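Chemist: need a structure here:
(one chain, ligands or ions: 2)
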Amino acid sequence: MPTTVPALVAASAGASFERSTIQRRDVGAHDVQIDIAFAGICHSDIHQAREEWGKAIFPMVPGHEIAGVVTEVGSEVTKHKVGDRVGIGCFVDSCRECENCLAGEEQFCVKGNVPTYNGREYTGEETYGGYSKQIVANENYVLSIPEGIALDEAAPLLCAGITTYSPLKHWGTGPGTKVAVVGMGGLGHMAVKIAHAMGAEVTVISQTLSKQEDGLKLGADHYYASSDPSTFDELKSSFDLIINTISADMDIDAYARTLRLNGTMVFVGLPENPQSFRAGSLIMGRRSLAGSNIGGIRETQEMLDFCAEHHIGAEIETISADQVDEAYERVVASKVRYRFVIDTATI
Ligand SMILES: [Zn+2]
Ligand SMILES: [Zn+2]
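Modeler: Residues are numbered from 1 along each chain as shown. Ligands and ions are numbered 1, 2, ... in the order given. All right, here's what the predicted structure looks like:
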């Protein structure tokens with residue numbers, strides 16, 4: 001028998017969240033049942049709950065930054081046991097046989113992976129995310145949260161953490177490299193912490209200097225305002241890598257020119273509008289523009305272990321189920337420092 005589980009539900013696009021219930025499937029042989037303790041609020045939750053990214057599935061229970069404790073395991077489960085601290089990120093299954101899945105890059109599953117919410121299992125059933133008290137998922141898509149990170153501070157790592165860790169790692173961040181983080185929000189503050197822990201020299205470029213003190217405290221070495229016209233002249237040919245977390249229209253040429261020879265600017269934010277740039281900004285310096293999307297399961301575990309080792313969690317503001325609508329407004333207005341986490345005990 002499926003289990004009835006309390007959840008925060010948006011009945012339709014843009015609707016406010018109401019306490020309701022959803023059905024979770026039986027714990028299958030390879031499944032893990034998790035009591036969710038905390039669920040982070042990612043900006044993409046808002047885009048989907050408001051149906052800003054195309055047709056969405058309602059009723060919707062968002063949430064793909066999930067941290068909790070295992071309460072039951074199926075008969076064949078070997079990776080997790082009852083009482084383990086675990087997490088779930090942006091997807092709960094993938095085809096397991098395409099070249100990307102076999103390479104451990106399930107986020108790029110050719111068949112399309114199964115999103116944690118606003119998606120469908122391969123059987124056709126809708127998926128529901130972390131704004132709920134319990135979830136059931138295949139053990140291979142469940143991460144271990146090491147001792148050393150509190151569950152509330154760990155939850156945002158499952159999206160914001162891996163979204164920034166993966167490109168930092170892929171493009172060789174380490175001692176001697178210079179990294180710029182554009183935007184100082186949920187993603188940006190994680191990029192600063194992780195790049196600093198990897199040993200890079202870190203520069204934040206934010207709209208204003210209002211978060212400068214935080215940025216320097218979290219590990220940035222330098223902090224610039226993009227609204228200051230002298231910033232881009234000063235930073236010409238400075239960086240090996242730019243992690244661009246903003247999702248607004250931007251002057252790509254101005255940022256590209258801050259890259260050193262062979263430098264790369266990686267998009268992890270998703271602007272609504274098409275963006276343009278001059279080829280010359282790339283040609284002069286053999287620069288690259290690139291994109292990156294979360295990370296595979298193996299790399300997500302590596303990120304959690306790295307964060308535990310370096311005592312890195314997200315900077316969070318914990319809220320109750322009643323505050324989610326208000327929290328959405330504050331995320332949209334960039335008025336959160338730096339991630340909201342829902343205490344699911346309040347659902
Ligand atoms: Zn996310
Ligand atoms: Zn696949």
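Chemist: Could you give the number of residues near the residue of the stretch 51-200 of the chain found nearest ligand 1?
Modeler: Using C-beta to the ion, the closest approach of the stretch 51-200 of the chain to ligand 1 is made by Cys159 at 3.3 Å. The C-beta positions use only the backbone N, C-alpha and C, and glycine is treated the same way. When neighbours are counted by other C-beta atoms under 10 Å, Cys159 registers 28.
Chemist: Surely it is in contact with Thr300?
Modeler: No - using C-beta atoms under 8 Å, Cys159 makes no contact with Thr300, being 9.6 Å away.
Chemist: what is in contact with these two at once?
Modeler: Listed as contacting both Cys159 and Thr300 by C-beta atoms under 8 Å, 6 or more residues apart in numbering are 89, 294.
Chemist: May I ask which helix or strand encompasses the closest residue to Gln107 other than its chain neighbours?
Modeler: Counting by C-beta to C-beta, 6 or more residues apart in numbering, Gln107 lies nearest to Ile294, which is 4.7 Å off, once chain neighbours are set aside. Per DSSP states H and E: Ile294 is located in neither a helix nor a strand.
Chemist: residues contacting Ile294?
Modeler: By C-beta under 8 Å, 6+ apart, the neighbours of Ile294 are 89-90, 107, 159, 162-163, 166, 300.
Chemist: Same check on Val86?
Modeler: 32, 34, 67-70, 80, 142-145.
Chemist: Please identify, among these, the one with the most neighbours.
Modeler: For the contacts of Val86, neighbours tallied by other C-beta under 10 Å; top is Ala67, 29 neighbours.
Chemist: Touching, that one and Ile36? I think so.
Modeler: Yes - shown here, Ala67 and Ile36 form a contact pair, counting by C-beta under 8 Å, at 7.4 Å.
Chemist: just to confirm, which helix or strand has Ala197 in it?
Modeler: Going by DSSP H and E, Ala197 is part of helix 186-198.
Chemist: near ligand 1, anything from that helix?
Modeler: No - judged by C-beta under 5 Å from the ion, helix 186-198 stays clear of ligand 1, getting no closer than 8.3 Å.
Chemist: May I have the residues that are in contact with the closest residue to Arg339 other than its chain neighbours?
Modeler: Spatial nearest neighbour of Arg339, excluding adjacent residues (C-beta to C-beta, 6+ apart): Pro156 at 4.2 Å. Contacts for Pro156 (C-beta under 8 Å, 6+ apart) come out as 40, 42, 65, 186, 190, 314, 316, 339, 341.
Chemist: can I assume Pro156 sits in a helix?
Modeler: Yes - under DSSP: H, G, I helix; E, B strand; the rest coil, Pro156 sits within a helix.
Chemist: any idea how far it lies from Val142?
Modeler: 17 Å (C-beta to C-beta, to the nearest Å).
Chemist: Ile205 and Gly188 touch, don't they?
Modeler: No - in this structure Ile205 lies outside contact range of Gly188 using C-beta under 8 Å: 9.4 Å.
Chemist: Go through the contacts of Ile294 and flag which are in helices.
Modeler: If you go by DSSP state H, these have 162-163, 166, 300 in helices.
Chemist: could the residues you listed go into CSV alongside neighbour count, pLDDT and distance to Thr116?
Modeler: Formatted as CSV, those follow (neighbours: other C-beta atoms under 10 Å; pLDDT from 0 to 100; distance: C-beta to C-beta, whole Å):
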residue, neighbour count, pLDDT, distance to Thr116
Ile162, 31, 98, 13
Thr163, 28, 98, 14
Ser166, 24, 98, 17
Thr300, 27, 98, 13
